[in-house]
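Participant: here are the coordinates; sequence isn't available:
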Ligand SMILES: NC(=O)c1ccc[n+]([C@@H]2O[C@H](COP(=O)([O-])OP(=O)(O)OC[C@H]3O[C@@H](n4cnc5c(N)ncnc54)[C@H](O)[C@@H]3O)[C@@H](O)[C@H]2O)c1
């Protein structure tokens, strides 16, 4: 494993489980000192312990990304602990469905509040600290192929991820002068929970060239690339790790 992030300070939200957990592990493998931040502190502590057992330098932190004060406290802790903040990965999010005609304001606000407003606040709090410390930084969001297409029951989720991809573009434009790059990784269907079963639903398989769930590690590899100097000329983009899902048209014939 290359050590593209040796000695750098990184934090990952929602890293107590799933894709965030895999990203935290990958950044740690690449040499970063990682803050494992999650609303579930016990899960974050378990992940940090596992990483430390491998010789990495990880610390657990409670955060609720729907609360500005909680995000600010996480950032302060990361800077206090590691001296600066080089990489911020805003991953925490929920995928929840509800038919459009039945969708409540409460449901809409919950999904947008966590997936989009939460990412906005994390991105802004990280960027403010990166500007203040000087020397630039990298911000990585976790979007979704659902941000590119409509989906049944996914009005709120798809809108949150579409908004996130546009937020990535605007932040990239405004933060470039501070040497901060902003990108997103866009996972396709990724196996993170037992209830997903072993294969994606037929409607997904039918338009997915690789016809399988992605692994969280496969998404984490792209996030690590976006966090590393290797992607130095890449900003404002969403880089999909989705088995070809977003490029497929007619699949038969
Ligand atoms: N799994 C997929 O198929 C898939 C596909 C595309 C995009 N994504 C995106 O990837 C990201 C991670 O998804 P996942 O499947 O790994 O999810 P997951 O449910 O496995 O893990 C999410 C983590 O976020 C934490 N979290 C929830 N609310 C939080 C809050 N308010 N503050 C801080 N942490 C909070 C949870 O405790 C959990 O540890 C999400 O943004 C999701 O939209 C996932």
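Facilitator: Here it is on my side, so go on. Model, not experiment: these values are computed from the prediction.

Participant: list the buried residues in stretch 90-109.
Facilitator: Residues 90, 91, 92, 93, 98 are the ones in stretch 90-109 that count as buried (16 or more other CB atoms under 10 Å). Quick note: C-beta positions are derived from backbone N, CA and C, even for glycine.

Participant: now the first one, nearest residue through space, not along the chain?
Facilitator: Nearest residue to residue 90, sequence neighbours excluded (CB to CB, 6 or more residues apart in numbering): residue 122, at 4.0 Å.

Participant: surely the one you found and residue 93 touch.
Facilitator: No - under the contact definition of CB atoms under 8 Å, residue 122 does not touch residue 93, with a separation of 10.9 Å.

Participant: what residues does the longest helix that the chain contains touch?
Facilitator: Criterion DSSP state H: the longest helix present in the chain is helix 155-175. Residues outside helix 155-175 that contact it (CB atoms under 8 Å, 6 or more residues apart in numbering) are 93-98, 100, 103, 107-108, 111-112, 114-116, 119-120, 123, 127, 131, 139, 141, 143-144, 146-151, 181-184, 186, 235-238.

Participant: before we move on, what about stretch 235-253?
Facilitator: Under CB under 8 Å, 6+ apart, the answer for stretch 235-253 is 143, 145, 147-149, 165, 168-169, 171-173, 176, 181-189, 204, 206-212, 214, 218-219, 221-222, 225-226.

Participant: among the residues you listed, which are within reach of the ligand?
Facilitator: Residues of the contacts of stretch 235-253 in contact with the ligand (CB under 6 Å from any ligand atom): 187, 189.

Participant: how about the strands in the protein?
Facilitator: 9-13, 33-38, 57-62, 87-90, 137-142, 180-187, 190-191, 214-215, 238-241 (DSSP state E).

Participant: mean pLDDT and distance to residue 50 added to these, as CSV?
Facilitator: Below are these laid out as CSV (pLDDT from 0 to 100; distance: least, CB to CB, whole Å):
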stretch, mean pLDDT, distance to residue 50
strand 9-13, 98, 14
strand 33-38, 98, 9
strand 57-62, 98, 8
strand 87-90, 99, 18
strand 137-142, 99, 21
strand 180-187, 98, 22
strand 190-191, 97, 19
strand 214-215, 98, 17
strand 238-241, 98, 23
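
Participant: what residues does the stretch 101-250 of the chain put near the ligand?
Facilitator: Residues of the stretch 101-250 of the chain lying near the ligand by CB under 6 Å from any ligand atom: 114, 142, 144, 187, 189, 190, 192, 193.
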